[in-house]
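> Pasting the sequence and the predicted coordinates here, then a few questions.
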Amino acid sequence: MSVETTSLPTQRAALSNSQIAMCFVGAAVVMTLVQYLGGLPEWLHRLPERLVPNFAGWLDAIFSFVKDDLGLLVLTRTLTEGLEWLLDASGNIFFGKRRWPFIGPIPWTAMAAVAAIVGYYLGGWRLAILGGGTMLWTALIGQWEIAMQTMSVLAIAAPLAFVIGLSLGIAAWKYAWVDYAIKPILSVLQTLPFFTYLLPAVIFFKVGPTAGAVATTIYAIPPMILMTTLGLKKVSPEVVEAGQMSGCTKFQMLRHVYLPSARTEILVGVNQVIMLCLAMVVLTAFIGMPGLGAKLLAMMGSFKLGRSFEIGVTIVLLAVMLDRMSKAWVVKQPEHFERGTPFWKRHQMLLLAVVAFVAFTLVSLVVPFFAEVGRGQDFSQGKELDNLIKAFLNIEWVKATTGFLRAFLNVQVLIPFRNFMLSIPTPAFILLIAAFALALAGRKQATYAVIFFSLVALSGWWDRAVITLYSVISAVTLAALIGLPIGIIAARSEKWAGRVLLICDTAQTFPSFVYLIPAIMLFGITDIAVIFSILIFAMVPLTRYTIEGLRTVPPEMTEAADMSGATRMQKLWKVQLPLALPTMAVGFNQAIMFAFFMVIIAAFIGTQDLGQELQRTLAGTDLGKNFVLGICVSLMALTFDLTIMKWAEDKKSALGL
Amino acid sequence: MAPQAPVISCKNAWKIFGNDPKGFLKNMDPGMSFDDIRAAGYIAGVKDVSIDVHKGEMLVIMGLSGSGKSTLVRCFSRLHDITGGTIEVEGQDIMSLAEKDLIELRRSKMGMVFQSFGLLPHRSVLENVAFPLEMRGQDKHTRRERALEVVKLVGLEGREDYFPRELSGGQQQRVGIARSLAIEPDIWFLDEPFSALDPLIRREMQDEFLRLQQMLNKTIVFITHDFDEALRLADRIAIMKDGAVEQCDTPDQIVLDPQTEYVRKFTEDIDKARVVHAGVLADAAATGEGEPVDAGMTVHAMARMLVNDTRRMIPVIKDGSSAGALSRQSALDILLGSDA
């Protein structure tokens, strides 16, 4: 619809979208000026308190009705028991929790050996070193137990998310109505800040590991659903027909034809499930889940930077290991053995793993160090690192730089910008957002933008929402100023493009929490630290998609530009960037989504936005308020998501890509 | 072609794609052309096709891409449900079959080979071939025995444990053929089985296919867009255009007597002498003298004799008994392309 209206404006008597957008901007500017001159009535500047509907109260009422009167709480508490049993069992195996089956903990040496062998099986020596090395580091640095606490939840949450996601994915693929029903829910779930998952989980599933596991599972389900549906839809029609002609029943079709043929996509889904679970399980520290996240939270809270750094490294190593291994599994194809290969040779890796496991377990019975790295035996350098970091920060020029950034950026740029955004009257702000959506995407998206932001205004949290938006916009702008040039320069050479992409890929696997560590190290507990952590988090997709966009420009086009005598700059501006723009827009969109995600986590540092309020609700049972806040963030994020993705799509089809 | 009931009997079959094909067909003006139907927002995949396939016969359906040949064969196997008309397989209306019976029919009577092979990537050659047997619940030992047998039949011995991606295109299609033969089907559908292969491999596979057919003598529906391939393999050829069958006849008749302009265009560049057989030229009422020729010989094969001989009429024998005689002049006309 919007394609027509933008490309054929003359055929309609009405104004084109961009003209209307200009009118909106004009109206907003006038309104803001009137406000500055003091001529705007107060009720037009901000929605009066008394007009704010009591959404939180209503939601609370609904929740308590569902929870108590409909007996959902009884149901979930029953489910909790089952889940608790599973978590206890995996807790026993991983870190020796005193519960059934009373066999754990598995000695770290045995785990390390198995990790190395699995790594070798999946991806050769490099992954073997990564797998074994990660385990070795974790144990020797003295974080084995907390890491295994985290892993024990992951070991339950990830398979659970996989099974649920797979089933829902199959259902959505098979029945159109399921697809229609879950699509909008999925897009909201993917923009909902994670704090919003946490409180309901706590209320319905108790504090601690169970609630953490539930929140983690729910958080990881959406991509699994999407990948499953995608994979099943992509199965070649001939393979399907071959199955039908072989006389498969419906179940046989699914089991023997569809699912195995969709293997790649399903395994990509598994990779995403694992990564999201890890990211989330670390964050569940906020609701009292023990493990790496909780330790990190405590260390950062008491400003022990050295230990924080070490835990950060452990989390990063675990993330990279899980990511690389599951990705290697995606591309691993079955190989045939020559006829008559003996059993032990066909399964030599499996046998080797079993032998190593048993051997190390037996050795660890004799040598306690092989079973557990005791207190005082570890090689943690927390104190020394602490001093080192503090010394580094005290070096004159480092201090001067961070000080300057703190003073200049904050006082001269960020705070004025924030105050300016806060000074815009609410209706004018909504008009500006609508103009943005209209100019980029179309009327439908502009309508959504108006509805979504009006809801935010009605929620009564407008000022905090604007501050959230301010953090997001300033961080993404700064990220673009740094990330885009890096991407453009890196895209020039094959070698550098590959390197930077590898860095981006790796950085993207880090759980978001980790990004707070350098921010706090450099800038302490300040606004700048918040912006900085969002900035580095958002820079990754920006750089990455810039490189990908530029590298995928068809070679004929750059060759044509070369033969037309374009200089390097001309080629970049006139040929490569315009063609890369749709892809870059996807990166930009992802950066904004990441920023919305991170700004909420950064509330931990201390902000004045929605995240701060959200985090506060976690302490109580304020479910209604929690949801209102969460949905405010989600609505703002969705507005950008809808608008930018539509624009990228239109641009793509217009360019015939 | 004994005068027994056809294996597949297709009467006035229609397959229309669109929002409401059944309703559209009901209210459609019967004279509507393919383009008229398309203008109404529907696509006629199969347009009023009536065709019979007899036992042991090889029917080749020939047409360019989009002519509806693949759709037609998928209607025969009910991979597509037809919109109108009837299709009977061994006297049974397949549209009336319940899901269970349809599965049973495919498990016991039908095999199909696909253009891009349709192999299951996660299964080895042997497992792919044994797949239909596994689906119908045969035990591991029997299905392995049978699969090994068919793998050997298509010449893939020694590669049983390979995975599809480890094989060349020609080898992959051999797996596809083996799989379709595993259940010993009576009816064999081949949907452009050799189109994805290189020309040299294609030729080799055609020879292989003819060898198999001589051994197995199945009822075959073979689809191709390659007219040479059709002439080479077919007992009868059905030429399709825009969902409808333009002409269905023996290769000899098609090249000698194309009934529409469209068919004629296909036959233009064909060396008719290699297609037309003595038996077709023979006039049963006529008699000739001297050494007879066999009805199965092509004009091309008789070329030297035709040029050197001086007789006006040459006797033709079929299966040892006389089948009349052919006029040497008319055979020479075909050989020399006199009408050109």
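The structure has been received and is ready for your questions. None of the values given here were measured: they were computed from a predicted structure. Numbering: from 1, shown residues only, chains lettered A, B, ... in the order given.

> Domains in chain A, by residue range?
Taking automatic domain parsing as the reference, chain A has its domains at A:2-66+A:395-655, A:141-334.

> Look at B:Ser65 and tell me its secondary structure.
Look at B:Ser65: counting by DSSP: H, G, I helix; E, B strand; the rest coil, its state is coil.

> Verify the stated contact: it with B:His225.
Yes: assessed by C-beta atoms under 8 Å, B:Ser65 is found in contact with B:His225 at 6.3 Å. (C-beta placed from N, C-alpha, C; glycine too.)

> who's more crowded, the two?
Neighbours per residue, other C-beta atoms under 10 Å in any protein chain shown: of B:Ser65 and B:His225, the larger number sits with B:His225, 16 against 9.

> correct me, but the more buried one touches B:Pro193?
No: when contacts are counted by C-beta under 8 Å, B:His225 is not listed as touching B:Pro193 (12.0 Å).

> biggest helix in chain B, by residue count?
Longest helix in chain B by number of residues, with DSSP state H as the criterion: helix B:199-216.

> now the helices for chain B?
B:21-27, B:34-39, B:69-76, B:99-108, B:125-135, B:140-153, B:169-181, B:199-216, B:227-233, B:251-256, B:261-267, B:278-281, B:303-308, B:328-336.

> Summarise which helices and strands the longest one is packed against.
Other helices and strands packing on helix B:199-216, by 3 or more C-beta pairs under 8 Å, 6 or more residues apart in numbering or on different chains; DSSP states H and E, are helix B:169-181, helix B:227-233.

> Please work out the average pLDDT along that helix.
Per-region confidence: helix B:199-216 scores 88 on mean pLDDT.

> now the angle from that helix to helix B:140-153?
120 degrees (axes from the mean of the first three to the mean of the last three C-alpha atoms, to 10 degrees).

> what's helix B:199-216 in contact with?
Under the criterion C-beta atoms under 8 Å, 6 or more residues apart in numbering or on different chains, residues B:58, B:153-155, B:168-170, B:173-174, B:177, B:181, B:190, B:193-195, B:197, B:220, B:229, B:232-233 lie in contact with helix B:199-216.

> Go again with 6 Å.
With C-beta atoms under 6 Å, 6 or more residues apart in numbering or on different chains as the test, helix B:199-216 has contacts from B:Gly170, B:Phe194.

> cool, and the second one?
Residues outside helix B:34-39 that contact it (C-beta under 6 Å, 6+ apart) are B:Ala44, B:Asp242.

> Which positions in it come out as buried?
B:Phe34, B:Ile37 (16 or more other C-beta atoms under 10 Å in any protein chain shown).

> Same check on stretch B:91-106?
Using 16+ other C-beta under 10 Å as the burial criterion, the residues of stretch B:91-106 that qualify are B:Ile94, B:Met95, B:Leu102, B:Ile103, B:Leu105, B:Arg106.

> Listing request: residues of the chain with sub-threshold pLDDT.
Let's take chain A. A:1-14, A:657 (pLDDT under 70).

> meant chain B actually
For chain B (pLDDT under 70), the answer is B:1-3, B:338-340.

> ok so A:Glu335 is a helix residue?
No: in this structure, A:Glu335 is coil, not part of a helix, as judged by three-state DSSP.

> Just give me the neighbour total for it.
Neighbours of A:Glu335 (other C-beta under 10 Å): 9.

> same question, the one 3 residues further on
Around A:Glu338 sit 8 other residues, with neighbours defined as other C-beta under 10 Å.

> same deal with B:Tyr162?
Neighbour number of B:Tyr162 under other C-beta under 10 Å is 19.

> what about it, distance to A:Phe343?
20 Å (C-beta to C-beta, to the nearest Å).

> Which positions in stretch B:80-91 come out as buried?
B:His80, B:Ile82, B:Thr83, B:Gly84, B:Gly85, B:Ile87, B:Glu88, B:Val89, B:Glu90.

> From the opening residue of it to its closing one, how far?
This stretch, stretch B:80-91, spans 19 Å end to end (C-alpha to C-alpha, to the nearest Å).

> and that stretch, does that touch chain A?
No: contact between stretch B:80-91 and chain A is absent, the nearest approach being 9.9 Å (criterion: C-beta under 6 Å from any C-beta of the partner chain).

> For that stretch, give me every contacting residue.
B:8-16, B:21-22, B:25, B:74-75, B:93-94.

> and chain B, which of its residues are near chain A?
B:79, B:103, B:106-107, B:112, B:114, B:116, B:118, B:122, B:131-132, B:135-136, B:161-163.

> run the last query once more with 8 Å
Residues of chain B lying near chain A by C-beta under 8 Å from any C-beta of the partner chain: B:74, B:77, B:79, B:103-104, B:106-108, B:110-112, B:114-124, B:131-132, B:134-136, B:158, B:160-163, B:165-166, B:176, B:179-180, B:183, B:189.

> mind checking how far the closest residue to A:Val553 other than its chain neighbours is from A:Ala490?
Once flanking residues are discounted, A:Val553 sits nearest to A:Leu579: 4.7 Å by C-beta to C-beta, 6 or more residues apart in numbering or on different chains. Distance, A:Leu579 to A:Ala490, by C-beta to C-beta: 17 Å.

> among the helices and strands packed on helix B:199-216, which is the most enclosed?
Most buried of these by mean neighbour count (mean count of other C-beta atoms under 10 Å in any protein chain shown) is helix B:169-181; its value is a mean of 24.

> Could you check the angle that one makes with helix B:140-153?
130 degrees.

> what sits up against helix B:169-181?
A:242, A:245-246, B:111-114, B:117-119, B:125, B:128-129, B:131-132, B:147, B:150-151, B:153-156, B:159, B:164, B:167, B:188-190, B:193-194, B:196-198, B:201, B:204-205, B:208-209, B:212, B:216.

> can you rerun that using 6 Å?
B:111-113, B:117, B:119, B:125, B:128-129, B:150-151, B:154, B:156, B:164, B:197, B:201.

> Highest neighbour count among these?
B:Val129 (31 neighbours).

> Surely that residue touches B:Ala147?
Yes: B:Val129 is in contact with B:Ala147 according to C-beta atoms under 6 Å; the separation is 4.3 Å.

> quick one: what helix or strand has the nearest residue to A:Ile106 once chain neighbours are set aside in it?
Excluding the flanking residues, the one nearest A:Ile106 by C-beta to C-beta, 6+ apart is A:Ile93, at 6.2 Å. Using DSSP states H and E, A:Ile93 sits in helix A:72-95.

> Check the offset of the helix or strand that that helix is followed by from the chain's centre.
Downstream of helix A:72-95, the first helix or strand assigned by DSSP H and E is helix A:108-140. Computed by C-alpha atoms, centre = their mean, to the nearest Å, the chain-centroid distance of helix A:108-140 equals 26 Å.

> list the buried ones in helix A:108-140?
Burial within helix A:108-140, assessed by neighbour count using 16+ other C-beta under 10 Å, is assigned to A:108-123, A:127-128, A:130-139.

> name the helices or strands packed onto it?
Secondary-structure packing of helix A:108-140 (3 or more C-beta pairs under 6 Å, 6 or more residues apart in numbering or on different chains; DSSP states H and E): helix A:144-174, helix A:305-331, helix A:348-366.

> who does the last one touch, helix- and strand-wise?
I take that to be helix A:348-366. Contact here means 3+ C-beta pairs under 6 Å, 6+ apart; on that basis helix A:348-366 packs against helix A:108-140, helix A:368-371.
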